[in-house]
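Student: predicted structure and sequence below. I'll ask about it afterward.
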Amino acid sequence: MGIAWRDSPEELVVLLRRHGLTPDQVDNVEAAWKAFREFLTRPVDGLEPGPDSDADGFIVQWGRYSWHDQLPSLSFTRQLAVDVREAWTETDWYQPEYWQVSLDLVFPDAPVLADLDRLNVQNTGFDFSPPGPERDRAIGEAAWEVQHYPTLQALWASTPLRSAVTLCRAD
């Protein structure tokens, strides 16, 4: 039995604390990544059924965004397609709700991060591999992507100014 999808942010908070981190003041990106990787292995209940659905995936994103005051940021996000069939009023068409659990890390500006928003990629792309060896491989590829760019290596080695765990509707 997994965690209820609505409780998934609390599960991420528990894992962050288990890794010695304060969720709203993460001070170690590597430890946060380890907690997030562990979070990705946790089964979640209430998702769209079916082995081929894109019900559970993840993405790593970076850049400078207005909602983070244009400061460098890094986000670890798990996207969940929630099964809402019982509440659906349309009889001939159905669409799950998409929700995202994110750990957002915002960093102080530094010269080494100046070209963060000019990298030719801003994320790893969503991956919906099922938990197990396929997801482990995808997590490794996401980590490789981050290690591939010196600016992202510098971001990874920096200490965030602030952080937050959120649950937001994505659609």
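Tutor: Okay, I see it.

Student: need the contact partners of stretch 28-46.
Tutor: Residues outside stretch 28-46 that contact it (C-beta atoms under 8 Å, 6 or more residues apart in numbering) are 1-6, 8, 11-12, 15-16, 18-21, 26, 56, 58, 74, 76, 78, 80, 82-83, 101, 103, 105, 131, 135, 139, 143, 155-160, 163. Glycine gets a C-beta too; all of them are placed from N, C-alpha and C.

Student: these, buried ones only, as a ChimeraX selection?
Tutor: Burial among those is assessed by 16 or more other C-beta atoms under 10 Å; the matching ChimeraX selection reads:
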select :3,5,8,11,12,15,16,19,21,26,56,58,74,76,78,80,82,83,101,103,105,135,139,155,156,158,160,163
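
Student: filter the contacts of stretch 28-46 down to just the ones in strands.
Tutor: The strands, defined by DSSP state E, take in 3-4, 56, 58, 74, 76, 78, 80, 82, 101, 103, 105, 163 from the contacts of stretch 28-46.

Student: looking at those, which is nearest Ala170?
Tutor: Comparing the ones in strands among the contacts of stretch 28-46 against Ala170 with C-beta to C-beta places Leu80 closest, at 8.7 Å.

Student: and the closest one, what does it touch?
Tutor: Residues counted as contacts of Leu80 (C-beta under 8 Å, 6+ apart) are 5, 8, 44, 47, 55-56, 98-101.

Student: next: Ala138.
Tutor: With C-beta under 8 Å, 6+ apart, Ala138 has these contacts: 58, 127, 129.

Student: got the ones in strands among the contacts of stretch 28-46 as JSON lines, with distance to Asp117 and pLDDT columns?
Tutor: Supplementary listing: the ones in strands among the contacts of stretch 28-46 in JSON lines, determined by distance: C-beta to C-beta, whole Å; pLDDT from 0 to 100:
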{"residue": "Ile3", "distance to Asp117": "35", "pLDDT": "95"}
{"residue": "Ala4", "distance to Asp117": "36", "pLDDT": "95"}
{"residue": "Asp56", "distance to Asp117": "29", "pLDDT": "94"}
{"residue": "Phe58", "distance to Asp117": "22", "pLDDT": "97"}
{"residue": "Leu74", "distance to Asp117": "13", "pLDDT": "96"}
{"residue": "Phe76", "distance to Asp117": "19", "pLDDT": "98"}
{"residue": "Arg78", "distance to Asp117": "24", "pLDDT": "97"}
{"residue": "Leu80", "distance to Asp117": "28", "pLDDT": "95"}
{"residue": "Val82", "distance to Asp117": "32", "pLDDT": "91"}
{"residue": "Val101", "distance to Asp117": "24", "pLDDT": "98"}
{"residue": "Leu103", "distance to Asp117": "20", "pLDDT": "98"}
{"residue": "Leu105", "distance to Asp117": "16", "pLDDT": "98"}
{"residue": "Ser163", "distance to Asp117": "20", "pLDDT": "98"}
